[in-house]
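Novice: Predicted model and sequence below, questions to follow.
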Amino acid sequence: MEKRKEEDERMQLLIGRALLAGVLLSTAVMLLGLILSAAGMTAPLPHGISIVDVFLMLDPRDGTSVLLLGIALLLLTPVLRVVLAVVSFVRERDWRFALVSLGVLVILLISMFFVKG
Amino acid sequence: MDPLSLILIALAGVVVGILGALLGIGGGIFFVPFLVIVFHIPMHQAIAASIMTVIATSSAVASVNVGRGWSNIRLGMTLELSTTIGAIFGGVTANLVAASTLVKIFGFLALVVGAIMVRNTLSQNHTETLPEGADTGRLGGSYYDTAAGKEVRYRVKKPGAALAVSFLAGNISGLLGVGGGIIKVPAMNLWCGVPIKAAAATSNFMIGVTAVASAFIYFSAGHVQPSITAAAAIGVLAGSRAGLLIGDRIRSRWITRAFAALLLVIAVEMFLR
């Protein structure tokens, strides 16, 4: 029981750091995008693109594409959190909750790739 | 969007972020009406921007909460199974429904949230603490309460009810761009016996993942306006950070009631649109 608590605390620390890194990185990229856009470096907003497209069409001379990258990084931060939870539960050999976390990850991936608005 | 409007949106985000931290709720319930009423931003774009601020604050607050050990990862992950599915249904529904209808549904939610806020100021924290060393079950947990100077242990009662409420909260989150904590936290506390601190921290922990499930849908539907969204997210992040620093000191019933009254005004304004 106490071991589980210790492992849990390690997991929380790891996840907390990853979340903070994701938020800081995405905020920095969004700020950069806003500055580039304010400097007039914008392209029209592409329609119906996926998260993957955002990484493919990144152009440092186009503020909009940098903004989209920052937003994509922000979106991926909680996904990373779930991935880390799966890894941590597997390492703890807590199969029940590894499976639960994997289920959440699958739902997110379905939303990311298959559900169209 | 011109730079001046973007700066104003970011500043509004700062205010919303501080408010959220002070009132112990996400700011989406104030932010969406603000974008729609003051800036005339289309409802779907306002919801998408708000969803993104929800993700930003959830991630930032969770990273701060970690050291305190209040959030219960096992309970959170389990309930996320239903919040995320609820959010996907909400996001799909929002994109099928006319903006004018969504505005009215939002007005109704503002009314409900205002009522819950008033009710919460009247009720007590409802928890039965287990004796030291007692089994907390698979979903239960424990944390050290510095204010009370002792360890709090709890079991989770009625996990089925928690899953059902989480589905509803996720659904509302995906449909209207709010976090949904205002529904989950009292339910987890009153029905499931989770102490309010643990319920709030766990709810916040879940909100980011829930919001992402519907955010992908708004993204693919083209409702994410990059500059508005970025300005909003940066503003709310800065505000919630500031709110965390001043938060605990000036939390008061009267502030909560004043903003519950503001929500009533927002509800009327949105019904009449």
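Specialist: Alright, I've got the coordinates. Residues are numbered from 1 along each chain as shown, chains lettered A, B, ... in the order given.

Novice: residues near the nearest residue to A:Ser88 once chain neighbours are set aside, how many?
Specialist: Once flanking residues are discounted, A:Ser88 sits nearest to A:Met11: 4.1 Å by C-beta to C-beta, 6 or more residues apart in numbering or on different chains. Every residue, glycine included, has its C-beta placed from N, CA and C. The number of residues packed near A:Met11 is 19, by other C-beta atoms under 10 Å in any protein chain shown.

Novice: List the residues that contact A:Met11.
Specialist: A:Met11 makes contacts with A:Leu84, A:Ala85, A:Ser88, A:Glu92, B:Ile73, as judged by C-beta atoms under 8 Å, 6 or more residues apart in numbering or on different chains.

Novice: For the residue nearest to the first one when sequence neighbours are not counted, grab the count of nearby residues.
Specialist: When you say that, I think you mean A:Leu84. Distance criterion C-beta to C-beta, 6+ apart; nearest residue to A:Leu84, sequence neighbours excluded, is A:Ile15 at 5.2 Å. A:Ile15: 24 surrounding residues under other C-beta under 10 Å.

Novice: residues contacting A:Ile15?
Specialist: By C-beta under 8 Å, 6+ apart, A:Ile15 lies in contact with A:Arg81, A:Leu84, A:Ala85, A:Ser88, B:Ala62, B:Val66, B:Ile73.

Novice: Let me know whether A:Glu92 touches A:Glu9 as I believe.
Specialist: No: with contact defined as C-beta atoms under 8 Å, A:Glu92 does not reach A:Glu9; the gap is 11.8 Å.

Novice: which of those two has more neighbours?
Specialist: A:Glu92 (16 against 13).

Novice: Excluding chain neighbours, what is closest to the more buried one?
Specialist: A:Glu7 (5.0 Å).

Novice: What residues sit buried inside whichever strand or helix holds the one you found?
Specialist: If you go by DSSP states H and E, A:Glu7 is part of helix A:2-38. Judged by neighbour count (16 or more other C-beta atoms under 10 Å in any protein chain shown), helix A:2-38 contains these buried residues: A:7-8, A:11-12, A:14-16, A:18-20, A:22-23, A:26-27, A:29-34, A:36-37.

Novice: just to revisit the earlier point, distance of the residue nearest to A:Glu92 from chain B?
Specialist: With distances taken as C-beta to the nearest C-beta, to the nearest Å, A:Glu7 is found 11 Å from chain B.

Novice: Return the residues in contact with that residue.
Specialist: A:Ser88, A:Arg91, A:Glu92.

Novice: coming back round to it: report the rounded mean pLDDT for the helix holding A:Glu7.
Specialist: Average pLDDT, helix A:2-38: 85.

Novice: for chain A, what are the nearby residues on the stretch 151-273 of chain B?
Specialist: Selection of the stretch 151-273 of chain B residues close to chain A by C-beta under 8 Å from any C-beta of the partner chain yields B:208-209, B:211-227, B:229-231, B:233-234, B:237.

Novice: Was I right to think A:Leu73 contacts A:Val23?
Specialist: No: counting by C-beta under 8 Å, A:Val23 is not a contact partner of A:Leu73; they are 9.1 Å apart.

Novice: wait, what's in contact with the residue of chain B found nearest chain A?
Specialist: Taking C-beta to the nearest C-beta, chain A has its nearest neighbour within chain B at B:Ala221, 2.7 Å off. Counting by C-beta under 8 Å, 6+ apart, B:Ala221 touches A:Gly48, A:Lys116, A:Gly117, B:His44, B:Asn95.

Novice: can you tell me which of the residues you listed are in helices?
Specialist: B:His44, B:Asn95 (DSSP state H).

Novice: Tell me the one of the contacts of B:Ala221 nearest B:Val15?
Specialist: Among these, B:His44 lies closest to B:Val15 (C-beta to C-beta), at 23.1 Å.

Novice: Need the residue closest to the centroid of chain A.
Specialist: For chain A, A:Leu76 is the residue whose C-alpha lies nearest the centre (C-alpha atoms, centre = their mean; 1.3 Å).

Novice: and the angle from the helix or strand containing that one to helix A:2-38?
Specialist: For A:Leu76, the host element (DSSP H and E) is helix A:63-91. Using axes from the mean of the first three to the mean of the last three C-alpha atoms, to 10 degrees, the inter-axis angle of helix A:63-91 relative to helix A:2-38 is 170 degrees.

Novice: in helix A:63-91, what counts as buried?
Specialist: Across helix A:63-91, burial judged by 16+ other C-beta under 10 Å covers A:63-86, A:88-89.

Novice: count of neighbours near B:Leu190?
Specialist: Number of residues near B:Leu190 (other C-beta under 10 Å) recorded here: 14.

Novice: Give me the buried positions along stretch A:90-104.
Specialist: Residues of stretch A:90-104 classed as buried by neighbour count (16+ other C-beta under 10 Å): A:Glu92, A:Asp94, A:Phe97, A:Ala98, A:Val100, A:Ser101, A:Leu102, A:Gly103, A:Val104.

Novice: Among those, name the ones in helices.
Specialist: Among the buried residues of stretch A:90-104, the ones falling in helices (DSSP H) are A:Phe97, A:Ala98, A:Val100, A:Ser101, A:Leu102, A:Gly103, A:Val104.

Novice: got a list of what the nearest residue to the fifth one once chain neighbours are set aside touches?
Specialist: Residue nearest to A:Leu102 in three dimensions, not counting chain neighbours: A:Val86, with 5.3 Å by C-beta to C-beta, 6+ apart. The contact partners of A:Val86, taken as C-beta under 8 Å, 6+ apart, are A:Ala98, A:Ser101, A:Leu102, A:Leu105.

Novice: pretty sure B:Ile183 is touching B:Ala169, no?
Specialist: Yes: B:Ile183 lies in contact with B:Ala169 (C-beta under 8 Å); the separation is 4.5 Å.
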